[in-house]
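>>> Below is the structure, and that's it, no one-letter string:
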């Protein structure tokens with residue numbers, strides 16, 4: 001970020017609100033089609049966005065005003081900084097501390113507050129500023145690893161893990177694991193929507209070369225928590241990296257068919273089951289948002 005080139009102004013129209021417009025030298029590099037584009041003065045452009053509850057960003061370049069809304073950002077929005085001499089501006093709607101002018105843009109946590117009260121943070125890094133919302137039927141979770149993911153349950157009654165993952169791909173997603181207790185609570189509630197109260201999660205344990213090899217065919221063998229980090233357990237994609245949400249003593253329910261894969265069950269919570277079994281009701285699918 002070229003923090004020396006950042007200029008901040010805060011616009012507050014007549015009515016009171018915790019939301020302000022943070023103005024910087026910048027432009028929209030990629031994103032959805034603007035919902036409004038027209039030739040109006042810069043102040044009118046920014047005020048027009050501020051007074052529209054759904055508008056999150058106004059872009060102004062040579063008297064051309066473009067507005068972007070929260071509702072349209074299922075297509076991710078990316079803003080990059082520009083040189084001051086280009087006279088290109090963006091104003092981002094965000095909450096700011098009352099009666100405080102931050103000393104730099106890095107001192108601001110950009111957060112849009114939806115009219116329903118939900119907070120939606122921007123992601124800021126050395127490449128720019130990013131904002132996106134999950135597609136319909138997905139829920140956003142911000143993970144300790146620093147990424148945000150969108151997760152949904154998809155019904156795949158009596159489908160094995162491989163076939164269930166194919167359902168995820170139909171929605172441009174893939175199988176996803178669990179990383180926080182917030183996700184556990186939400187996923188557990190989703191079990192009530194399934195006819196067969198069990199679904200696939202990411203996570204594979206291959207017991208062939210593990211300390212449990214001689215017990216591979218024994219049902220309900222509890223895998224102790226210290227072995228969650230064992231090399232034979234793995235997340236199969238980079239959406240999930242942490243283990244803290246996994247409990248002690250995850251049972252293996254298998255007829256000896258290896259490997260075994262992580263599932264969530266309404267009565268037994270987490271279980272390892274044969275990846276080839278079809279005795280499940282669905283799968284948790286997800287994709288990286290930011």
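Received, thanks. These numbers were taken from a predicted model, which means no experiment stands behind them. Numbers count the residues shown, from 1 in each chain.

>>> Just name the shakiest helix or strand of this structure by mean pLDDT.
strand 221-223 (a mean of 46; mean pLDDT, DSSP states H and E).

>>> C-terminal to it, what's the next element?
Note on strand 221-223: by DSSP states H and E, the next helix or strand toward the C-terminus is strand 233-234.

>>> so how far is that next one off the chain centroid?
Counting by Cα atoms, centre = their mean, to the nearest Å, strand 233-234 is centred 22 Å from the centre of its parent chain.

>>> what lines up beside it in the sheet?
strand 198-205 (antiparallel) (DSSP bridges).

>>> Okay, buried residues for the strand it pairs with please.
198, 199, 200, 201, 202, 203, 204, 205 (16 or more other Cβ atoms under 10 Å). Glycine gets a C-beta too; all of them are placed from N, C-alpha and C.

>>> same deal with stretch 148-160?
148, 149, 150, 151, 152, 153, 154, 156, 159, 160.

>>> quick one: which of those sit in helices?
Among these, no member is found in helices (DSSP state H).

>>> returning to what we had before: now the buried residues of strand 198-205 in a markdown table, with distance to residue 176 and pLDDT?
Shown next, in a markdown table, are the buried residues of strand 198-205 (distance: Cβ to Cβ, whole Å; pLDDT from 0 to 100):
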| residue | distance to residue 176 | pLDDT |
| --- | --- | --- |
| 198 | 16 | 92 |
| 199 | 11 | 94 |
| 200 | 10 | 97 |
| 201 | 7 | 97 |
| 202 | 5 | 97 |
| 203 | 10 | 94 |
| 204 | 13 | 93 |
| 205 | 17 | 85 |
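
>>> Looking at those residues, which one is closest to residue 46?
For the buried residues of strand 198-205, the residue nearest residue 46 by Cβ to Cβ is residue 202; the value is 43.5 Å.
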